[in-house]
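**Student:** A predicted structure for the sequence below; I have some questions about it.
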Amino acid sequence: MCTCGIEKKHKIWRTATADGKDVVGWSDGDVTWAFGYAIRGVGLAHSSATAGADLRASWALRENVGMLDANEVATAFNALRRVARQPLTAACSWRFSGEGWQARDARAVIFRALSKESA
Ligand SMILES: [Zn+2]
């Protein structure tokens with residue numbers, strides 16, 4: 001259940017990309033366009049095993065949505081999810097600080113994924 005106490009799936013954040021498209025984070029770790037429209041290439045967060053990781057990825061995305069264009073959101077979020085689902089190891093280049101990653105760590109993950117895609 002969400003920390004706010006609501007059991008039903010609900011919006012936990014909503015913010016716009018650099019080019020003005022709204023992105024919404026949901027309490028179960030899903031991330032969609034406005035009104036729940038699926039983002040092409042982003043799977044739903046159905047597994048309870050990955051729900052915590054998907055929520056961390058969701059919050060990390062939220063901090064960075066404003067610097068992304070809409071066509072970069074899927075790549076950025078999938079990269080964050082991949083990193084968030086990995087078990088924590090000393091080799092990890094990012095730190096988990098309670099609420100979420102420090103912004104610069106999430107940003108590094110996003111930039112790496114986007115530059116790989118455009119290479
Ligand atoms: Zn909530």
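**Tutor:** Thanks, I have it.
**Student:** tell me the centre residue of this protein?
**Tutor:** Ser58 (2.9 Å; C-alpha atoms, centre = their mean).
**Student:** Kindly export the helix or strand encompassing it (C-alpha atoms) in PDB.
**Tutor:** Remark: Ser58 resides in helix 51-62, with elements defined by DSSP states H and E. Output in PDB follows, covering the C-alpha atoms of helix 51-62 (Å, rounded to 0.1, in the frame of the first residue of the first chain):
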ATOM      1  CA  ALA A  51       7.200  -2.700  -7.100                       C
ATOM      2  CA  GLY A  52       9.600  -1.000  -4.700                       C
ATOM      3  CA  ALA A  53      12.300  -0.700  -7.400                       C
ATOM      4  CA  ASP A  54       9.800   0.600  -9.900                       C
ATOM      5  CA  LEU A  55       8.700   3.200  -7.500                       C
ATOM      6  CA  ARG A  56      12.200   4.400  -6.900                       C
ATOM      7  CA  ALA A  57      12.700   4.600 -10.700                       C
ATOM      8  CA  SER A  58       9.400   6.500 -10.900                       C
ATOM      9  CA  TRP A  59      10.500   9.200  -8.400                       C
ATOM     10  CA  ALA A  60      13.900   9.400 -10.000                       C
ATOM     11  CA  LEU A  61      12.200  10.000 -13.400                       C
ATOM     12  CA  ARG A  62      10.000  12.700 -11.900                       C
END
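**Student:** Pull the residues that contact that helix.
**Tutor:** 12-13, 15, 23, 25-26, 28-31, 45, 73, 76-77, 80-81, 83-85, 96, 99-101, 103, 106, 109 (C-beta atoms under 8 Å, 6 or more residues apart in numbering). Quick note: C-beta positions are derived from backbone N, CA and C, even for glycine.
**Student:** Same question for stretch 11-30.
**Tutor:** 2, 4, 6, 9-10, 31-34, 36, 39, 44-46, 50-55, 57-59, 61-62, 65-70, 72-73.
**Student:** can you give me the offset of the helix holding Ser58 from its chain's centre?
**Tutor:** 5 Å (C-alpha atoms, centre = their mean, to the nearest Å).
**Student:** try stretch 108-119
**Tutor:** 15 Å.
**Student:** Please work out the average pLDDT along it.
**Tutor:** Mean per-residue pLDDT for stretch 108-119: 86.
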